[in-house]
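Q: Here's my sequence, what's the structure:
(4 chains)
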Protein chains: 4
Amino acid sequence: MRRGLAGFTLAVVGGDRRAVYTAEELAGRGARVRLVGHEASLPGVELAEDIKAGLVGAEAVIFPFPGVQERGEIETPYGVLHLEEEDLLPLPRGGLIFTGFANPYLLQLAERLGLKLIPVADRDDFAILNSIPTAEGALQMAMELLPVTIHGSQALVLGFGRVGKTLARMLQALGARVTVVTREPAERARALEMGLRAIDFPALRGCIGEAEVIFNTVPALVLTARLLKHTRPDVLIIDLASKPGGTDFEAARALGRQALLAPSLPGKVAPKTAGRILGQVIAEIFVQEKGLSLAARA
Amino acid sequence: MRRGLAGFTLAVVGGDRRAVYTAEELAGRGARVRLVGHEASLPGVELAEDIKAGLVGAEAVIFPFPGVQERGEIETPYGVLHLEEEDLLPLPRGGLIFTGFANPYLLQLAERLGLKLIPVADRDDFAILNSIPTAEGALQMAMELLPVTIHGSQALVLGFGRVGKTLARMLQALGARVTVVTREPAERARALEMGLRAIDFPALRGCIGEAEVIFNTVPALVLTARLLKHTRPDVLIIDLASKPGGTDFEAARALGRQALLAPSLPGKVAPKTAGRILGQVIAEIFVQEKGLSLAARA
Amino acid sequence: MRRGLAGFTLAVVGGDRRAVYTAEELAGRGARVRLVGHEASLPGVELAEDIKAGLVGAEAVIFPFPGVQERGEIETPYGVLHLEEEDLLPLPRGGLIFTGFANPYLLQLAERLGLKLIPVADRDDFAILNSIPTAEGALQMAMELLPVTIHGSQALVLGFGRVGKTLARMLQALGARVTVVTREPAERARALEMGLRAIDFPALRGCIGEAEVIFNTVPALVLTARLLKHTRPDVLIIDLASKPGGTDFEAARALGRQALLAPSLPGKVAPKTAGRILGQVIAEIFVQEKGLSLAARA
Amino acid sequence: MRRGLAGFTLAVVGGDRRAVYTAEELAGRGARVRLVGHEASLPGVELAEDIKAGLVGAEAVIFPFPGVQERGEIETPYGVLHLEEEDLLPLPRGGLIFTGFANPYLLQLAERLGLKLIPVADRDDFAILNSIPTAEGALQMAMELLPVTIHGSQALVLGFGRVGKTLARMLQALGARVTVVTREPAERARALEMGLRAIDFPALRGCIGEAEVIFNTVPALVLTARLLKHTRPDVLIIDLASKPGGTDFEAARALGRQALLAPSLPGKVAPKTAGRILGQVIAEIFVQEKGLSLAARA
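A: Now for the predicted structure:
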């Protein structure tokens, strides 16, 4: 697998620092990589002038993780590129377009040109790997903002999915007393197996008052004004759910509680790890897709 | 929740030592419990002469975990009881029948009488909790049979589902060098997050030769003769998958490998924990079912 | 023990935010606490105008953790107090003076007045508890400065004493691949038991080149220019040993390596935890000392 | 280090299965090994007829771990050998004699012949490594004897030294609720850092009644009749201290408590690991001793 991309050309177009590390990871797996919109000198990676030049001979293109914007704008560290339909013409029919999130503009382009758009953000394997920098970023924030150590602190983790599991495990490993809140009996069972305390949401009101730090991962309003009233005045709330989060921030402000929405941590706190994870997952999907299409051809 | 069963009567009929602990757990949550086919003196538990007497006034009955046999035979420590249709008549319409596994005889009875049969063995929450005694039983077997400590040993865990996750975590916690084998990219991602090495099945052949102990949890033939040939002569194989397991036992024997099928560990190694887990899960289902039916009535 | 200080009066004089939390912890254990040099409203804590007023009726005084300076200067958030011999006259003969580190000025005063000076910084129990905020502070720095996650990173911990053990355990718990370096065979044995890789210093040169982050806890020059040459250009070095640390910082600068001396982390990253730990340890020593003197009296 | 014994000859005389694994470990590190009193075919190991033949050309001899008996008897799987003074004559002056425990007979022999007797049992590095099979053996016993899982059980560990630390860590890792009892404040601090509950002996009486399993590692009478009275009727006591243990076994019996003295677990539950640990420690000491004597010679 390590060299599983040998013989293939992939283009990485735009994005933040993560994109450079993604390019490095793909090159490290044997691919010939073209990098557009970045200045970087990496073995196996060549810089291309513009999108179209980058895509000549490429089987796949990787757009920024946050996605291409509504009219095809692509952010780079040095300005904005504009993606036009003809930029994608060098890609072969069935060629792959990777991005974190899809948008209608890109979807339409892909459909019109017979390309396959693969938004990786919601794939389970990616989301679980990405939960690692997310959880570490959340820990870092808590360490920076709390006057106490994580060790020995009372922590609540709302939700026990892909991010919740990673975060709860790390908090516990550092010595926090962790309570997991989830409505799923099977997830509570898993939490218990891992040595965590686990409760359902109706029981949250009874114990939210002990928490020194609350991490939310549920993408729905769970930290309501009614619940926030029962928190400690010095509680810290870190909301990891995608915008607008699961906290009534207005109520929190009115009560004087410190509550922060912290989306997109991986790119901020560990761009190298985040970029590599993207590279790994893209490499695995690419190999699998190629295997499938080869089979389909036969 | 603790006293959530107050005001209800449940009958526990037959089974091994686990059944007594299940009765104790249910009584501890406030239920009035009738126990049939056992001798035991427990607070909140009264002994009943026969099935029918045990079911008078009961809202639910708990049959042995392995289930009722083909013609209604129910094992007890003191002999076999026979379940007849009329024994179940005291249950109200919509009354609950709990068992580990369903069989056609019981299904037909339940359907005819308008009762709800709930086989808990395959529910996620039960299976995850039950993975704890299963994994500890597997550890105990490995400790008994290996000339080395778990600490420092090379261990393979095939499958990373409900039992595999628990077992891999425990092995790692004791200091084993654990490799998880699973075809699911998302499960490999979770294993990596947990600090485990994770590979796909095609890579198993390349590393099976290092393993001092192999635990299988996959209910399909994964340890084939071809793979077994590459194992160490002194390897220990513990197969936790339900009968017939995932090991070619005949090939193992021919090669002189020590391979054991170890189903149903919880009842054997930790009957008290196993019985309590059953009690907990039954209590949660019961309360939920009652809630629903109360709602339905309104 | 919780209320073990009831009936006693203790004075907390000067210091940073930690001192307030120490006062709170002591008051929480039943002591009557006088606080000098701070503005704070805490149950069981009364503010005193000056040192002498604070010490009237007190059995013990707690000076700032970093100690009293050469001519008796005591730092407070609002300026500097000056400790004179007569300020201590209210303390009874055999009264206790707590501080982190002793200095000659304080030693002489104590001796002259028949008081017992107890510098807690080097006591094993205090140093081990204090290793928790130290290690978390080091983790926080690493998280802030590394472009990768702790999870999956190659980490070296030099020294496996009171701080080294805590830090190595936490790094491992977060998923780092940790190598401990210590000359003591018994400490290497303990590291192996904990699942860590352990080597002696002569073997460091052979593996220092892999490390993405190096934590030093050894108070002697261990990271020499000769060794630093073999590190990765992007290595991060965090030196936790007391000044001047164990790193050749000049050589590190010349090589372009990022190396930071990070002493006194607890007070910076977790003043509340650091202050409470001080309070706990002081309470335990106080009770013990009182027990002894009571016994001596009889 | 791996091949650090190349060019040296060592003799392994008598003992149980461990001795064979010790011989294997030493041979694996490059030594020429002579094995006396065993039948085994191992690379780099040759069998010798009797002690004297085994010692010709050897720099060191390894006697059984439990030691040589009062009149020079040495146990082997095939009978008893007798060690006479002249058997040791082939060893050079300053030659090394390894054993677990020394006895007067061997001490006198060594002194008379100018040999260095090294009893390894009490060395810190050995004792810590050996705590791993000891702790796993204790876990195995508890798993076999308890009707509950270790996970979720209330466990007490008396003493927090070399064995106590390892055992408490493993119990916690498996999910037990562990309370450590030790009189040393520094050890309680370490236990707290590790996430364990820690108390002093005077507090034991107040919480011994919750314990489902008690492990003693203190070599003094700590589990007195007075304390045993407060234990649960179904408690399991595993005493790991060297004979006669730290439990009042008579009182335990009178109270109907299950209490077991379990010394020498490593050789019983994991002879291969135990033998290898011995080999590792002997190899390290041997190399060090040779280094010193070479230096002394110069």
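Q: beta partners for the residue lying closest to A:Ile199 once chain neighbours are set aside?
A: Counting by Cβ to Cβ, 6 or more residues apart in numbering or on different chains, A:Ile199 lies nearest to A:Val181, which is 5.6 Å off, once chain neighbours are set aside. Any C-beta I mention is one placed from the backbone N, CA and C, and that applies to glycine too. Counting by DSSP bridges, A:Val181 forms beta bridges with A:Leu158, A:Ile199.
Q: For the stretch 151-298 of chain A, what lies in contact range of chain C?
A: A:151-152, A:170, A:173-175, A:269-273 (Cβ under 8 Å from any Cβ of the partner chain).
Q: which bits of chain A sit near chain D?
A: Proximity of chain A to chain D is confined to A:151, A:175, A:193, A:195 under the rule Cβ under 8 Å from any Cβ.
Q: Now for those: which two are most distant?
A: Considering Cβ to Cβ, no two members of the residues of chain A next to chain D lie farther apart than A:His151 and A:Glu193, which are separated by 22.5 Å.
Q: Just the pLDDT at A:Val269, thanks.
A: A:Val269 carries a pLDDT value of 96.
Q: do you know how far it is from A:Thr247?
A: Using Cβ to Cβ, to the nearest Å, A:Val269 is found at 20 Å from A:Thr247.
Q: So which of these two has more stuff around it?
A: A:Thr247 (27 against 24; other Cβ atoms under 10 Å in any protein chain shown).
Q: so what pLDDT did the more buried one get?
A: 98.
Q: give me every residue that touches the closest residue to it other than its chain neighbours.
A: Distances taken as Cβ to Cβ, 6+ apart place A:Leu223 nearest to A:Thr247, at 4.2 Å, with adjacent residues excluded. By Cβ atoms under 8 Å, 6 or more residues apart in numbering or on different chains, the contact set of A:Leu223 is A:158, A:214, A:216, A:237, A:239, A:246-248, A:252, A:259.
Q: Check those and tell me the two furthest apart.
A: Taking Cβ to Cβ, no two of these sit farther apart than A:Leu158 and A:Ala252, at 14.1 Å.
Q: between these two, which one's more packed in?
A: Higher neighbour count among A:Leu158 and A:Ala252: A:Leu158, with 26 against 20, using other Cβ under 10 Å.
Q: roughly how far apart are the more buried one and chain B?
A: Look at A:Leu158 and chain B: by Cβ to the nearest Cβ, to the nearest Å, they are 19 Å apart.
Q: Now for that residue: which residues touch it?
A: Applying Cβ under 8 Å, 6+ apart, the residues near A:Leu158 are A:164, A:181-182, A:204, A:214-218, A:222-223, A:246.
Q: In CSV: these, plus secondary structure.
A: Output for these, formatted as CSV (DSSP: H, G, I helix; E, B strand; the rest coil):
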residue, secondary structure
A:Gly164, helix
A:Val181, strand
A:Thr182, coil
A:Leu204, helix
A:Ile214, strand
A:Phe215, strand
A:Asn216, strand
A:Thr217, coil
A:Val218, coil
A:Val222, coil
A:Leu223, strand
A:Gly246, coil
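Q: Just the buried ones out of those residues, please.
A: Listed as buried from the contacts of A:Leu158 are A:164, A:181-182, A:204, A:214-218, A:222-223, A:246; burial here means 16 or more other Cβ atoms under 10 Å in any protein chain shown.
Q: wait, isn't the residue nearest to A:Ile199 in contact with A:Arg197?
A: No - using Cβ atoms under 8 Å, A:Val181 makes no contact with A:Arg197, being 9.7 Å away.
Q: other SSEs contacting the lengthiest helix in chain A?
A: Assignment by DSSP state H gives helix A:271-297 as the longest helix of chain A. If you count contacts as 3 or more Cβ pairs under 8 Å, 6 or more residues apart in numbering or on different chains; DSSP states H and E, helix A:271-297 packs onto helix A:17-28, strand A:60-62, strand A:96-99, helix A:124-145, helix A:265-269.
Q: Please report how far the closest residue to A:Thr231 other than its chain neighbours lies from chain D.
A: Using Cβ to Cβ, 6+ apart and skipping the chain neighbours, the partner closest in space to A:Thr231 is A:Ile208 (5.6 Å). Look at A:Ile208 and chain D: by Cβ to the nearest Cβ, they are 23 Å apart.
Q: Mean neighbour count, the helices and strands packed on helix A:271-297: which tops it?
A: Ranked by average neighbour count under the criterion mean count of other Cβ atoms under 10 Å in any protein chain shown, those are headed by strand A:60-62 at a mean of 27.
Q: Could I get the average pLDDT for whichever helix or strand comes after that strand?
A: Using DSSP states H and E, the helix or strand that follows strand A:60-62 towards the C-terminus is strand A:73-76. Here strand A:73-76 scores 94 as its mean pLDDT.
Q: Adjacent strands (with direction) for strand A:73-76?
A: Each strand paired with strand A:73-76, and its direction, by DSSP bridges: strand A:79-82 (antiparallel).
Q: Could I get the buried residue list for the partner strand?
A: Across strand A:79-82, burial judged by 16+ other Cβ under 10 Å covers A:Leu81.
Q: Dump it to PDB, restricted to CA.
A: Presented in PDB, the C-alpha positions along strand A:79-82 are these (Å, rounded to 0.1, in the frame of the first residue of the first chain):
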ATOM      1  CA  GLY A  79      -5.100  34.700  -3.200                       C
ATOM      2  CA  VAL A  80      -8.200  33.300  -4.900                       C
ATOM      3  CA  LEU A  81      -8.300  31.000  -7.900                       C
ATOM      4  CA  HIS A  82     -11.400  30.700 -10.000                       C
END
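Q: What mean pLDDT does that strand get?
A: The average pLDDT for strand A:79-82 rounds to 94.
Q: Tell me the confidence at the residue of the stretch 1-150 of chain A at minimum distance from chain D?
A: For the stretch 1-150 of chain A and chain D, the shortest gap (Cβ to the nearest Cβ) falls at A:Thr149, measuring 10.5 Å. Model confidence at A:Thr149, expressed as pLDDT, equals 98.
Q: ditto for the one 3 residues further on
A: You'll see A:Gly152 listed with a pLDDT of 98.
Q: re earlier: can I get the residues of the stretch 151-298 of chain A next to chain C in JSON lines with distance to A:Glu187?
A: Supplementary listing: those in JSON lines, determined by distance: Cβ to Cβ, whole Å:
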{"residue": "A:His151", "distance to A:Glu187": "25"}
{"residue": "A:Gly152", "distance to A:Glu187": "25"}
{"residue": "A:Met170", "distance to A:Glu187": "17"}
{"residue": "A:Ala173", "distance to A:Glu187": "19"}
{"residue": "A:Leu174", "distance to A:Glu187": "21"}
{"residue": "A:Gly175", "distance to A:Glu187": "23"}
{"residue": "A:Val269", "distance to A:Glu187": "26"}
{"residue": "A:Ala270", "distance to A:Glu187": "26"}
{"residue": "A:Pro271", "distance to A:Glu187": "31"}
{"residue": "A:Lys272", "distance to A:Glu187": "31"}
{"residue": "A:Thr273", "distance to A:Glu187": "26"}
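Q: Closest one of the residues you listed to A:Gly37?
A: If you rank those by distance to A:Gly37 using Cβ to Cβ, A:Pro271 comes first, at 15.6 Å.
Q: Quick check: the nearest residue to that closest one once chain neighbours are set aside vs A:Phe126, distance?
A: Counting by Cβ to Cβ, 6+ apart, A:Pro271 lies nearest to A:Arg17, which is 4.2 Å off, once chain neighbours are set aside. To A:Phe126, A:Arg17 is 18 Å away according to Cβ to Cβ.
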